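Peer 1: what shape does this take:
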Amino acid sequence: MQEIIQDFYNSFHKLDAEAMAAHYHPDIVFEDPAFGVLNGEHAANMWRMLCDTQKGKDFKVEVSDIRQDGDRWTAHWEAHYDFSKTGRRVHNKIDAVFQFKDGKIIDHRDHFSLHKWARQALGVQGLVLGGTGFFKKKLNAQTNGLLAKYEKNL
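Peer 2: Below you'll find the model as predicted:
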């Protein structure tokens with residue numbers, strides 16, 4: 001399973017969403033603070049969308065500390081990129097938890113400080129609002145709207 005997680009993030013670093021999606025079980029459940037919960041093909045499409053938006057840009061992913069914890073696996077990963085709406089540089093530090101079924105990732109939960117991310121991505125507005133439930137709800141609506149629009153064009 002360690003090799004699968006390593007390859008998942010190596011593929012993300014290369015912006016190869018198809019290789020990433022190949023590691024997901026058809027019944028995948030993904031969750032993070034920016035998108036909320038995504039099931040099945042929506043989770044794979046989120047990675048496709050993110051990879052497509054970063055092509056040709058200064059993007060980097062690093063993964064470390066991949067460990068087994070009972071029936072779960074954990075990893076720490078960091079993403080470095082320019083947030084498209086503001087052009088501000090983001091260095092997001094994420095802790096991921098994985099569960100596997102049939103040699104594929106069936107559950108993937110990313111945990112990071114939305115407040116820290118918002119401060120980097122949005123500046124003062126993110127500093128003031130980034131830690132609120134209102135901000136998270138609005139961001140989830142925006143990101144899911146972008147995903148729905150992306151999926152219509154697939």
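Peer 1: list the contacts of the helix or strand containing I105.
Peer 2: Following DSSP states H and E, one finds I105 within strand 104-111. Residues outside strand 104-111 that contact it (C-beta atoms under 8 Å, 6 or more residues apart in numbering) are 4, 8, 23-25, 27-33, 43, 94-100. The C-beta positions use only the backbone N, C-alpha and C, and glycine is treated the same way.
Peer 1: mind listing what's buried in the worst-scoring helix or strand of the chain on mean pLDDT?
Peer 2: Here the helix or strand of the chain ranked lowest by mean pLDDT, DSSP states H and E is helix 124-129, holding a mean of 89. Buried residues in helix 124-129, defined by neighbour count with 16 or more other C-beta atoms under 10 Å: 126, 129.
Peer 1: repeat for stretch 90-107
Peer 2: For stretch 90-107, by 16+ other C-beta under 10 Å, it's 90, 92, 94, 96, 98-100, 105, 107.
Peer 1: in this protein, which spans are helices?
Peer 2: Secondary structure of the chain (DSSP state H): helices at 2-13, 17-21, 41-54, 114-122, 124-129, 133-152.
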